[in-house]
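Q: Attaching a predicted model along with its sequence, questions to come.
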Amino acid sequence: MLYSIIRFFVKIAAYIFFKRIHIKNLESIPTNVPLIIAANHPNTLLDPVVIAVNLKQTIHFLAKSTLFKTSVHRWLMSKLNMIPIYRKQDVPVELRANNEAIFKKCFEFLAKGGSMMIFPEGISLIERRLREIKTGAARIALGAESENNFGLNMAIITIGLNYSAPEQFRSEVFINIHEPIFIKTYEELYKKNQHQAVEALTEQIRVNLEEQTIITKDDQEDELVKNIDKIYKNKLAQELHLADNDIEEDFMITKGFTDALHYFEEKNPLKIIDLKEKVTKYSHQLNHLQIEDSFLSERKKRQNILSLLLLSTFYLLIGFPLYVFGLISNYIPYILPSKVADAFVKEIEFRASVMFVTGIFSFTIYHGVQVLACQMFFHNIWITIAYAIFLPVSGFFTLFYWQKLESTAQYWRLFRLFFTKNAVIASLLKQRIEIIHWLESAKKEYLAYLQQK
């Protein structure tokens, strides 16, 4: 009961916290069968949240034992369907035997048709990496099926979580669901060699998750991919006639970028070094001038910047009164989560989770007080309801207004630079063209390689 109530409110909060949540292949998840959901783990608490609130099944979670320290914690965790796992790094040797008893409970739970979520990396890191996949998910799945003569029809669903900016409010998340792995297909191998079956199933989980996520080798490569996205993604999307702002197609393009980079790093690393130098120099100059690449794109160049400036400024003037109201009504609950995260969060992986939880309370309490004050002042339920609806609407408008303000400021900077530093703009445009020509040439070479495979 508590889980269902919390799930309802958390789902609303998730769709406010994230700008967009896009799910691929939700229909591929089988119903009325035991399920193990295995996902990558870049964003601590938000990872199980965005999955659980979007699945029909009631999910149970394997969680590290350190979350069950006190009797209050144990009670709350059990009500939230949490099952403790005793990781080697968290507990002394004598307590690790508890995992065997926990596995036994998992077998019983799955035999009843339950659904369970596991993060097989065993650790949450915000980097776009896939860590070593632990064997726990495979051991539980095969163990449960073995105890029931492989008659459960159990499936493992792998899910790739891809965040546009995992540590930020109003980012986007792409939930990439793979076709199910049915455990019965490993029955023959398991009966011959249990260890080989566990390793084979674990390897399949790893292969699936690699397909479903963006994986970069290190921070430098990750930064390079992000910059290539900014410079080249829109042009490539137009060439391929892809829809604007489609998260799934954005994922496929970025996945293609990373795969191509890995190909060139292996075949011609000097070529990648040349690209890194060009992109890094260009990006540093943009950052210094406080201009985004999109403002130098060919589409933007062909437009009349002055007209865009005047139109944006007009919108800002018209919307200013509503912006002020939205700012007054929403600033404190909006800024409080980030202040709490700044004060108490040392690891970036926990930042968004702390902001999410804090935001649920700050907005609920702050808006609740305002709605109560409105009712006490007007003594009219309809005015109060209208005000309650208008509060979050004004908050979203304030966010939009601020983004428009930042965009307009960039137009003004660009307009000024055209007159005061025209040579700098010309140099940037030249660098951008050189980078795109490099990427076009690399695209042809990589596509030719793929056709030969």
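A: Perfect, thanks for sending it.

Q: Report the residue ranges of every domain in the protein.
A: 2-212, 219-300+432-452, 303-420 (automatic domain parsing).

Q: which is the next helix or strand following the one helix or strand Thr258 maps to?
A: Under the criterion of DSSP states H and E, Thr258 resides in helix 247-267. For helix 247-267, the following helix or strand on the C-terminal side (DSSP H and E) is helix 269-289.

Q: Show me what that following helix is packed up against.
A: helix 219-239, helix 247-267, helix 422-452 (3 or more C-beta pairs under 8 Å, 6 or more residues apart in numbering; DSSP states H and E). The way it works is simple: take the backbone N, C-alpha and C, and place the C-beta from them, glycine included.

Q: who's in contact with Leu322?
A: Ser394, Phe397, Thr398, Tyr401 (C-beta atoms under 8 Å, 6 or more residues apart in numbering).

Q: distance of it from Leu236?
A: 37 Å (C-beta to C-beta, to the nearest Å).

Q: Need the contact partners of the helix holding Thr258.
A: Contact partners of helix 247-267, identified using C-beta under 8 Å, 6+ apart, comprise 20, 22, 24, 162, 172, 174, 176, 214-217, 221, 224-225, 228-229, 232-233, 236-237, 242-243, 271-272, 442-443, 446, 449.

Q: pLDDT score assigned to Leu76?
A: We have a pLDDT of 67 for Leu76.

Q: Over to the one 4 residues further on?
A: In this prediction, Leu80 carries a pLDDT score of 71.

Q: How many residues are close by the nearest residue to it once chain neighbours are set aside?
A: Of all residues not flanking Leu80 in the chain, Tyr3 sits nearest, at 6.0 Å (C-beta to C-beta, 6 or more residues apart in numbering). Neighbourhood size, Tyr3 [other C-beta atoms under 10 Å]: 14.

Q: Give me the distance between the two termini of stretch 206-223.
A: Length of stretch 206-223, first residue to last, C-alpha to C-alpha, to the nearest Å: 24 Å.

Q: Actually, stretch 38-55.
A: Stretch 38-55: ends 14 Å apart by C-alpha to C-alpha.

Q: What mean pLDDT does that stretch get?
A: Rounded mean pLDDT across stretch 38-55 is 94.

Q: and that stretch, how far out from the chain's middle?
A: Relative to its chain's centre, stretch 38-55 lies at 9 Å (C-alpha atoms, centre = their mean, to the nearest Å).

Q: pull the longest strand from this protein.
A: strand 155-163 (DSSP state E).

Q: So what are the sheet partners of that strand and their directions?
A: If you go by DSSP bridges, strand 155-163 pairs up with strand 35-39 (parallel), strand 172-177 (antiparallel), strand 181-182 (antiparallel).

Q: Could I get the CA-only coordinates of stretch 374-386 as CSV?
A: Presented in CSV, the C-alpha positions along stretch 374-386 are these (Å, rounded to 0.1, in the frame of the first residue of the first chain):
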residue,chain,number,x,y,z
CYS,A,374,-5.0,32.0,-0.9
GLN,A,375,-7.9,30.1,0.5
MET,A,376,-7.7,32.0,3.8
PHE,A,377,-7.6,35.4,2.0
PHE,A,378,-10.3,34.8,-0.7
HIS,A,379,-12.5,32.2,1.0
ASN,A,380,-13.3,30.9,-2.5
ILE,A,381,-12.5,27.3,-3.4
TRP,A,382,-12.5,28.0,-7.2
ILE,A,383,-10.0,30.8,-6.9
THR,A,384,-7.9,28.6,-4.7
ILE,A,385,-8.0,25.7,-7.3
ALA,A,386,-7.1,28.1,-10.1
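
Q: contacts for it?
A: Contacts for stretch 374-386 (C-beta under 8 Å, 6+ apart): Val371, Tyr387, Ala388.

Q: run the last query once more with 7 Å
A: By C-beta atoms under 7 Å, 6 or more residues apart in numbering, the surrounding residues in contact with stretch 374-386 are Val371, Tyr387.

Q: Over to stretch 53-70?
A: 3, 7, 10-11, 14, 21, 23, 29, 35, 37, 48, 52, 73-74, 77, 81-87, 90-91, 109, 114-118, 175.

Q: gap between the two ends of it?
A: 27 Å.

Q: Could you list the buried residues of it?
A: Val53, Leu55, Gln57, Ile59, His60, Phe61, Leu62, Ala63, Lys64, Ser65, Leu67, Phe68 (16 or more other C-beta atoms under 10 Å).

Q: Show only the entries of those residues found in strands.
A: Assignment to strands by DSSP E places the following of the buried residues of stretch 53-70 there: Ile59, His60, Phe61, Leu62, Ala63, Lys64.

Q: how about those residues in a markdown table, adding distance to Leu201 and pLDDT?
A: Formatted as a markdown table, these follow (distance: C-beta to C-beta, whole Å; pLDDT from 0 to 100):
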| residue | distance to Leu201 | pLDDT |
| --- | --- | --- |
| Ile59 | 21 | 91 |
| His60 | 20 | 89 |
| Phe61 | 20 | 84 |
| Leu62 | 17 | 76 |
| Ala63 | 22 | 72 |
| Lys64 | 23 | 70 |
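
Q: thinking again about what came up before, taking helix 422-452 as reference, get the angle to the helix holding Thr258.
A: Per axes from the mean of the first three to the mean of the last three C-alpha atoms, to 10 degrees, the angle that helix 247-267 makes with helix 422-452 is 80 degrees.

Q: For the chain, give me the ranges with low pLDDT.
A: 1, 65-67, 72-73, 76, 79, 86-99, 298-304 (pLDDT under 70).

Q: about what we covered before: mark which of the contacts of stretch 53-70 are part of strands, please.
A: Those of those lying in strands (DSSP E): 21, 23, 35, 37, 82-85, 115-118, 175.
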